[in-house]
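Coordinates for the following, if possible.
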Amino acid sequence: MYRPLYLTYTSLYKLPKNEKKEVKRFLEFIKSDESAKIIKANGVVPFKEGFHLIKQRKDIFGS
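This is a model prediction of the structure:
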């Protein structure tokens, strides 16, 4: 079971400029090794590693 983070273009487009910067900083942090350590420490798979799991699931179950 996984819960991906969804951000849509339209919702980002409507944000004030200062909030767009914060979202960008957050997304950069989420992709960092530092965030991966925090996420793993809380028993969750970081999204970079999750891509491998999705591929593995498709190989086993198809589609």
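
Mind jotting down where the helices sit in the protein?
9-13, 17-30, 33-41, 47-61 (DSSP state H).

would you turn the ones you listed into a markdown table with mean neighbour count and mean pLDDT?
Just so you know, the C-beta spots here come from the backbone N, C-alpha and C atoms, and that holds for glycine as well. Formatted as a markdown table, these follow (neighbours: other Cβ atoms under 10 Å; pLDDT from 0 to 100):
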| stretch | mean neighbour count | mean pLDDT |
| --- | --- | --- |
| helix 9-13 | 9 | 61 |
| helix 17-30 | 11 | 83 |
| helix 33-41 | 12 | 91 |
| helix 47-61 | 11 | 74 |
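
Can you report how many residues neighbour residue 16?
When counting by other Cβ atoms under 10 Å, one arrives at 8 neighbours for residue 16.

er, residue 46 I mean
17.

Which residues are in contact with the closest residue in space to it that isn't next to it in sequence?
In space, and not counting its chain neighbours, residue 46 is closest to residue 36: 4.0 Å by Cβ to Cβ, 6 or more residues apart in numbering. Residues in contact with residue 36 (Cβ atoms under 8 Å, 6 or more residues apart in numbering) are 46, 48-49.

ok, residue 36 to residue 43 distance?
Distance of residue 36 to residue 43, given as Cβ to Cβ, to the nearest Å: 13 Å.
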